[in-house]
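1. Model the structure of this input:
(chains A, B and C)
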Amino acid sequence: MKEYSSIWVKILKHAFLLLGCVVMVLPFVWMLSTSLKIPSEVLSWPPQLIPKTFTLQNYVTVFQTAPFVKFFFNSVTMSVVSTVCILVTSTIAGYVFGKFNFPGKNFLFVLTLATSMVPLEVYMIPLYMQMVKLSWVNTFMGLVAPYLIMSYGIFFMRQNIMSSIPDELLDAARIDGAGEFSIFFRVVYPMLSGPSGALAIFAFQQTWAAFIWPLIVTSTRDLWTMELGLGMFQYRFTVDLGPINAGSMLSVFPVLIVFLFLRKKIVRGITLTGLKN
Amino acid sequence: MKIMRKLFLVALVLLVALQMGFAKGSSESASESKPQTITLWSGYPEMEPFYKQAAEKFKETHPNVTIEIVSHPLREFEQKLSATIPSNTVADIIEVSVYANQKFIEAGLIPEDEGEVLDFVKADGRFSDFAIANDSYNGKIYGVPLFQGRTALYYNTDMFAEAGITEPPTTFEEMYEDAKKLAKYDSAGNLTRSGHSLRLSGQGSGVAEKFWFVLYPMGGTFIEEGKTAGTYHAAYNNDAGRKALTYYIDAVYKDHWDDQKIKHDAESFELGQTAMFFRESWVIGDIASKAPNLNYATAPVPKDARWGRITNIENLYVTKASKNPDLAWEFVLSLLSEENQRWMFENVGWLPCRNDIDISDIIERHPQFAAFTYTDPDYDEYGYLPIAAFDEVITKLAERLVTAFLDSSLEGNDAAIAKTISDAANETNEILKRYNLYGE
Amino acid sequence: MKKNNNTIAVPLKRYISQTEKKKRIFVYCSIIPVIAIFAFVRIIPICTNFVYSLFESTVVNPTQKFVGLKNFIELFHDQLFLLSLRNTTIFALFVTIFSVAIAILLAALLTTQSKLSPLYETIYFLPVITPMVPVAVVWKWIYDPTYGLLNYILSWFGISPIGWLVYPNTALIAIIIMSVWKIVGYNMIIFLVGMRDIPETYIEAARIDGASSNQVFWKVIMPLLRPILLFVFVISTINSFNVFTQVFIMTSGAQGAPGNAVRTIVFDIYENGFRYFRTGYAAAEAVVLFVIILLLTFIQFGISGKGDSSKKKRAIFRKGAVK
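-> Take a look at the predicted model:
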């Protein structure tokens, strides 16, 4: 009896997961398919998933229209710098907020959390004015400024640290005479590979997808990111579906690769060697 | 040690970033002999090839000048202007309509036309009175008209032939009857082809703008000037306004030749899901690439109590932030040359504003353009009023219209239609009052 | 690390003050640079914007005329704002609940997988990274009244075609479904991380004690996941109250949903700020939005308790007493 029901459960599980997959993957498949279609087929209705005529022209158009290689390089640099910065600041701040007490801690934490509640659209003009004052308009620093830090990141690391790193472990290390910085680098940080991986992918994806801020802070095209470049296929009244999907495919791949690369990290989890003490 | 490696990596990345941080985007220099850059921002990505070829031509006579063109998707472009114009970090030249730029003009952030440029704009027979009025504010003229979007009727010649209609409609009543004949339904009574594709839904001011196509010929408009110059009030709380709304309601609920559930606009026309619709000349290029086998023609907008079509003028302005205004204006005037204007018309499809250039051969090659250049003393031109409140007025009206179009209870209910119109007009007047522009 | 079982050589008081001092230095050295960056790219511009809410603005000068609370008073009589508030609240409520619930379910299902798991994880993450333009086009097709996928599937059950994006009441539901779809993979990853952080030993200990899968899930895993759960709820609430892009893109164009049906607060702020240039008024709206989110966050923190579950882990470990 038990075996019987567990097979059904397994089938149900897989059916559910598979159905979900189909729904999840549909726009992606459509995006790929449209990127390979010729203009007259792009508009066919009802939509055909498999193009009758395959073409790579859209990809060619993407590279011909604008220096997408440079845009790609800009996007990569911006996202990597941002991700590294966010990882460092979030981990340290998350650790401090999660495992220490100091005057003003709660206030500061609430402040960081509160600032994540305000969307960029609301404060981007005053931030832009600050960039003007610093002459950071149309510079790399201006481009990456709002993406150096991520309030969610701090919150996320704090929660993960509080949930998986026991105080005893830290106290044990302190009793052993280890300095605080040493504890951080040798005890805490290695235990955070899962959350770090997750945070890295989130940060990378967020910065990669940035649109309105790079648009406002750049005056010339040499600092444009891929997302901005893609926007060029959105004309006044129509969207050039072929090239914009080709460009979107090119834009999605780096993020996908980063995800695949970090996925193992996220999945591996941690082993609590410290507790065996 | 793993940590050391990671720290090293981090340091390397930060170093690269720092080095890039001190690298700026291309900047402009002030001295004449050094290479100079002029930046132009456009809100129409499809215009980019036009600017590029004009820039190349310009470089032949100005070898040490680089023109940098940046085109943006339109609504984000408006946000960008909001940040950059007040902070003087905007490009040398911007291509934008009065509609979007008016608030900056009124705030004194855009320099007025002077000298050679003013002479060019005011030259006899060059630009229509409508265009000049459009670009004027407080007795001064701003910017130079680059191209215009004029509306005409697109119709599917195959469908017309099939329905036995030989000529495109010349009045709105004819158009209504034609639409009835051209609409197609499936066995369940659902509309599968609209007789004419009205704009029934969507965000922003589009719905109101397309409503104007019907409102104006019927004798109304959104706002008109009051007794005191510089004051305005709602001008559609009348028979014309009610008749226009009734036209739409009847189309959807009485005779059902259009419906929110099917596709609309250029897409629908290209897919053969509508027989007619009103739009500007850019559709011609769109059809050529997406539906090259479509058999269609264009005609002037039909008449009713009066006759007219929308004209939207897109201007070029040199901004206060420009460090080389003379050079910038030179390039602007070169974009207005006959050669460049003809290139723009033939290759991009937007209509030049200049009345003193010869484009008849282009029209011969592409007869669909004829309806857009058609003139007649009774065929009015109307368009956005150059006042900052206009956008808010029509956007809020658009939202009310979308709701009204979804309301089947308005059908045959004159009182309800009248109330809808008068409520909307009240809101329009309230908005005008807030801008201190209201006057009967 | 030295594992030293010697007794403490230093007198207790001096030991405590030494460690406290080290702690303090560490805290200040690490937190100050972070707060500095924060102040610069978040706190200052946000506060600047909030100050604008007390003024009536013009294009040139956001702080043209001080009007105190006038913007706020006008706001609460503004039909469009109240409509946006209603829409946004409904949106946030449903998106948060569904995206969290489905994500936990998915994560739970996937932790028991090992072979196909990577594939599933990647596929479920795809919507998160797919850009908005293709997403909007596909979903507009899915919702199309005549040829759309959704109506096609519903027709198998005999349901007649629904104009999803046409009518106001269904338009909001449609965008809620799409938003849940887009974000569920993101939440799922967070739960996966949290679940995998729970060592096998705890689960084994519970099973050895005779717990069923259900009990393991509800009595061991869920309590330990509390901080993560709190995190996901809070950020889901924040993100859904701040929704903008998908609303914008689904209502644009000639086939767009009726604007007001799905009008959200941030969209209203955008219109007031960038279309009508009423910077002060838009800022007041932003302040109100912020206060709402802040209140909701406090409530969620309150409900959740302290959120430090490492103590719980110790308790479970001790109770489980590995044999």
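
2. Can you pull the poorly scored residue ranges out of chain A?
-> Counting by pLDDT under 70, the ranges of chain A that qualify are A:1-5, A:236-237, A:266-277.

3. how's chain C carved up into domains?
-> Structural domains assigned to chain C are C:1-52, C:70-322, following automatic domain parsing.

4. and these, which one is worst for confidence?
-> Per-stretch mean pLDDT for the domains of chain C is lowest at domain C:1-52 (a mean of 79).

5. element containing the spatially most central residue of chain A?
-> Residue closest to the mean C-alpha point of chain A, counted by Cα atoms, centre = their mean, is residue A:205 at 2.2 Å. Using DSSP states H and E, residue A:205 falls within helix A:193-208.

6. and that helix, anywhere near chain C?
-> Yes - judged by Cβ under 8 Å from any Cβ of the partner chain, helix A:193-208 and chain C are in contact via A:194, A:195, A:197, A:198, A:201, A:202, A:205. Any C-beta I mention is one placed from the backbone N, CA and C, and that applies to glycine too.

7. The first one: what's its closest spatial neighbour, skipping adjacent residues?
-> Leaving out its chain neighbours, the residue that sits closest to residue A:194 by Cβ to Cβ, 6 or more residues apart in numbering or on different chains is residue C:193, at 4.8 Å.

8. The second one too?
-> In space, residue A:195 comes closest to residue A:160 once its chain neighbours are excluded; the distance is 4.0 Å by Cβ to Cβ, 6+ apart.

9. how near is the one you found to residue A:199?
-> Computed as Cβ to Cβ, to the nearest Å, the residue A:160 to residue A:199 distance reads 9 Å.

10. what does residue A:39 give?
-> To residue A:199, residue A:39 is 41 Å away according to Cβ to Cβ.

11. what does residue C:276 give?
-> From residue C:276 to residue A:199 the distance is 38 Å (Cβ to Cβ).

12. Out of the domains of chain C, indicate the one that is most buried.
-> domain C:70-322 (a mean of 19; mean count of other Cβ atoms under 10 Å in any protein chain shown).

13. more neighbours, residue A:39 and residue A:199?
-> Higher neighbour count among residue A:39 and residue A:199: residue A:199, with 28 against 19, using other Cβ atoms under 10 Å in any protein chain shown.

14. Which residues are in contact with residue C:109?
-> A:13, A:16, A:17 (Cβ atoms under 8 Å, 6 or more residues apart in numbering or on different chains).

15. I'd like the secondary structure assignment at the first one, please.
-> Residue A:13 carries the three-state label helix when classified by DSSP: H, G, I helix; E, B strand; the rest coil.

16. Excluding covalently adjacent residues, which one is nearest to it?
-> With Cβ to Cβ, 6+ apart, the residue lying closest to residue A:13 is residue C:109, at 5.6 Å.

17. what separates that neighbour from residue C:125, distance-wise?
-> 15 Å.

18. hey, C-alpha coordinates of stretch B:430-437 in PDB?
-> Taking C-alpha atoms only, stretch B:430-437 is exported to PDB below (Å, rounded to 0.1, in the frame of the first residue of the first chain):
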ATOM      1  CA  GLU B 430     -10.900  72.100 -13.200                       C
ATOM      2  CA  ILE B 431      -7.500  71.200 -14.700                       C
ATOM      3  CA  LEU B 432      -7.300  74.500 -16.600                       C
ATOM      4  CA  LYS B 433      -8.200  76.300 -13.400                       C
ATOM      5  CA  ARG B 434      -5.300  74.600 -11.600                       C
ATOM      6  CA  TYR B 435      -3.000  75.900 -14.300                       C
ATOM      7  CA  ASN B 436      -4.500  79.400 -14.000                       C
ATOM      8  CA  LEU B 437      -5.500  79.100 -17.600                       C
END
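
19. chain center to it: distance?
-> Remark: stretch B:430-437 is offset 24 Å from the chain centroid, using Cα atoms, centre = their mean, to the nearest Å.

20. Stretch B:199-217 now?
-> With Cα atoms, centre = their mean, you get 12 Å for stretch B:199-217.

21. How about stretch B:60-74?
-> 23 Å.

22. what does stretch A:258-265 give?
-> Computed by Cα atoms, centre = their mean, the chain-centroid distance of stretch A:258-265 equals 12 Å.

23. Likewise for stretch A:230-246?
-> Its chain's C-alpha centre and that of stretch A:230-246 lie 23 Å apart, by Cα atoms, centre = their mean.

24. burial count for the closest residue in space to residue C:293 that isn't next to it in sequence?
-> Closest residue to residue C:293 apart from its sequence neighbours, by Cβ to Cβ, 6+ apart: residue A:117 at 4.3 Å. As a burial measure, residue A:117 scores 24 neighbours (other Cβ under 10 Å).

25. if I pick the residue nearest to residue C:194 when sequence neighbours are not counted, what's in contact with it?
-> Excluding the flanking residues, the one nearest residue C:194 by Cβ to Cβ, 6+ apart is residue C:228, at 3.7 Å. Residue C:228 is in contact with A:159, A:160, A:163, C:190, C:191, C:193, C:194, counting by Cβ under 8 Å, 6+ apart.

26. just checking, what packs against the helix or strand where the first one lies?
-> For residue A:159, the host element (DSSP H and E) is helix A:151-164. Helices and strands touching helix A:151-164, by 3 or more Cβ pairs under 8 Å, 6 or more residues apart in numbering or on different chains; DSSP states H and E, are helix A:68-99, helix A:105-115, helix A:193-208, helix C:168-196, helix C:226-241, helix C:310-320.

27. That one: what's the following helix or strand?
-> helix A:167-175.

28. ok, and for the following helix or strand past that next one, which residues are buried?
-> Of the helices and strands lying after helix A:167-175 in sequence (DSSP H and E), the nearest is helix A:180-183. By 16 or more other Cβ atoms under 10 Å in any protein chain shown, the buried positions in helix A:180-183 come out as A:180, A:183.

29. Spatially central residue for chain B, please.
-> Most central in chain B (Cα atoms, centre = their mean) works out to residue B:312, at 5.2 Å.

30. contacting residues for that one?
-> By Cβ under 8 Å, 6+ apart, the residues touching residue B:312 are B:97, B:99, B:148, B:149, B:150, B:280, B:383, B:384.

31. which of those lies closest to chain C?
-> Within those, proximity to chain C (Cβ to the nearest Cβ) peaks at residue B:99, which comes in at 11.0 Å.

32. Assign residue B:69 to helix, strand or coil.
-> Residue B:69 - assigned by three-state DSSP - is strand.

33. From chain C, how far out is it?
-> Using Cβ to the nearest Cβ, to the nearest Å, residue B:69 is found at 23 Å from chain C.

34. repeat for residue B:213
-> Distance from residue B:213 to chain C, by Cβ to the nearest Cβ: 14 Å.

35. Residue A:185 too?
-> From residue A:185 across to chain C, the span is 11 Å (Cβ to the nearest Cβ).

36. Kindly report the residues of the stretch 51-200 of chain C close to chain A.
-> Checking the stretch 51-200 of chain C against chain A by Cβ under 8 Å from any Cβ, the hits are C:106, C:109-110, C:117-118, C:120-131, C:133-135, C:137-139, C:141-142, C:147, C:181, C:185-186, C:189-190, C:192-194, C:196-197, C:199.
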